[in-house]
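# Below is the sequence, then the predicted model.
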Amino acid sequence: MRIFDPHIHMTSRTTDDYEAMYAAGVRALVEPSFWLGQPRTSVASFTDYFDALLGWEPFRASQYGIAHHCTIALNPKEANDPRCAAVLDELPRYLVKDNVVAVGEIGYDSMTPAEDTALAAQLQLAADHGLPALVHTPHRDKLAGLHRTVDVVRESALPPERVLLDHLNETTMKHAVDSGCWMGFSIYPDTKMDEDRMVAVLKEYGTEKILVNSAADWGKSDPLKTRSTGDAMLAAGFGEDEVDQVLWRNPVAFYGLSGRLQLDTPEPEPLHEGNSILRGGE
């Protein structure tokens, strides 16, 4: 089983997770920029983080045979902090980087006017740079948030078929299908979706334009939930080709819209005296 995790925050994970993911079949992933838990107070803290997503994390992933790409954006939660507004001005220089395959995570957290502004601006940036967009649907008032998100997408220059609506569930599925966007589901131990509910959605709606991710982050999460979802699909009677479509071909098709997806992982660099992380030359 080959797996492309289309939404996972490896900044919050250990090298043991990379090793376990590779053993489970993960060969590629996308790491969206997101809120780190502790509020950031300056633009520079964002640019340092973006630089790490473009340099440090791809290096870590390559040590374990996993292709690493990222999405870059001002996330919806921090879009409400006036100290972070100038991050929008920094995005164009990052959106031209080879490893950036979408603008994201963008969308709504509390559905405020500041989030409206940031979402519309970043959808325009995606259109300007020929990139798709990864959109975070809110954890609260999810259906209302999805309706509002789709309205903004329809008013933007970015076609719905270049937008991935993420963190969906059963209550939002029908409207997401009607929107024409791609659809993402996060599989968690206790919150969001679980494997059995995901299988039920796939039975009802099929496997077209659906992506499954672990969205693993700092909280209680599991970077192997993509694999367990694939196993649950097989146990429920889905064929290997259908599993491959959901866990590999669909994310490749969506992020491939960027024209930047590179799935060949470079050979890991040799280690220095057995150290697991290189520290540069003399």
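Sure thing, it's come through. If you're wondering where the values come from, they're calculated on a predicted model, not measured in any experiment.

# contacting residues for the nearest residue to Leu257 once chain neighbours are set aside?
Residue nearest to Leu257 in three dimensions, not counting chain neighbours: Pro132, with 4.6 Å by C-beta to C-beta, 6 or more residues apart in numbering. Any C-beta I mention is one placed from the backbone N, CA and C, and that applies to glycine too. Neighbouring residues of Pro132 by C-beta atoms under 8 Å, 6 or more residues apart in numbering: 101-103, 126, 158, 162-164, 254-255, 257-258.

# between those residues, which is nearest Asp89?
Distance ranking of those against Asp89, using C-beta to C-beta, places Val103 first at 14.5 Å.

# Look up how far Ala127 lies from that closest one.
Noted for Val103: a distance of 9 Å to Ala127, by C-beta to C-beta, to the nearest Å.

# swap in Asp231?
Taking C-beta to C-beta as the measure, Asp231 falls 38 Å from Ala127.

# go on, Asp196?
38 Å.

# try Cys181
Taking C-beta to C-beta, one finds Cys181 at 15 Å from Ala127.

# List the buried residues of stretch 138-158.
Across stretch 138-158, burial judged by 16 or more other C-beta atoms under 10 Å covers 138, 142, 145-146, 148-150, 152-153, 156, 158.

# Look up phi and psi at Thr71.
Backbone torsions of Thr71, given as degrees, to the nearest 10, read phi -120, psi 150.

# Next, give phi and psi for the residue nearest to it when sequence neighbours are not counted.
Distances taken as C-beta to C-beta, 6+ apart place Gly104 nearest to Thr71, at 3.7 Å, with adjacent residues excluded. Main-chain torsions, Gly104, degrees, to the nearest 10: phi 170, psi 170.

# re the thing from before, can you say which two of the buried residues of stretch 138-158 are spatially most distant?
Farthest pair in the buried residues of stretch 138-158, by C-beta to C-beta: Lys142 and Leu158, 21.5 Å.

# in stretch 158-174, what counts as buried?
Across stretch 158-174, burial judged by 16+ other C-beta under 10 Å covers 158, 162-169, 172-173.

# on that earlier part again, distance of the residue nearest to Thr71 from Leu158?
Per C-beta to C-beta, Gly104 is found 12 Å from Leu158.

# hey, what's in contact with both of these two?
By C-beta under 8 Å, 6+ apart, Gly104 and Leu158 have these common neighbours: Ala133.

# Assign Asp196 to helix, strand or coil.
Under DSSP: H, G, I helix; E, B strand; the rest coil, Asp196 falls in the helix class.

# Please apply the same query to the one 3 residues further on.
Local secondary structure at Val199 is given as helix here, using three-state DSSP.

# Enumerate every residue touching it.
Val199 neighbours (C-beta under 8 Å, 6+ apart): 229, 232-233, 236, 238.

# how near is it to Gly130?
In this view, Val199 and Gly130 are 35 Å apart by C-beta to C-beta.

# With Thr149 instead?
21 Å.

# what does Asn99 give?
15 Å.

# more crowded one of those two?
Legend: neighbour count by other C-beta atoms under 10 Å for Asn99 and Gly130, higher for Asn99 (22 against 12).
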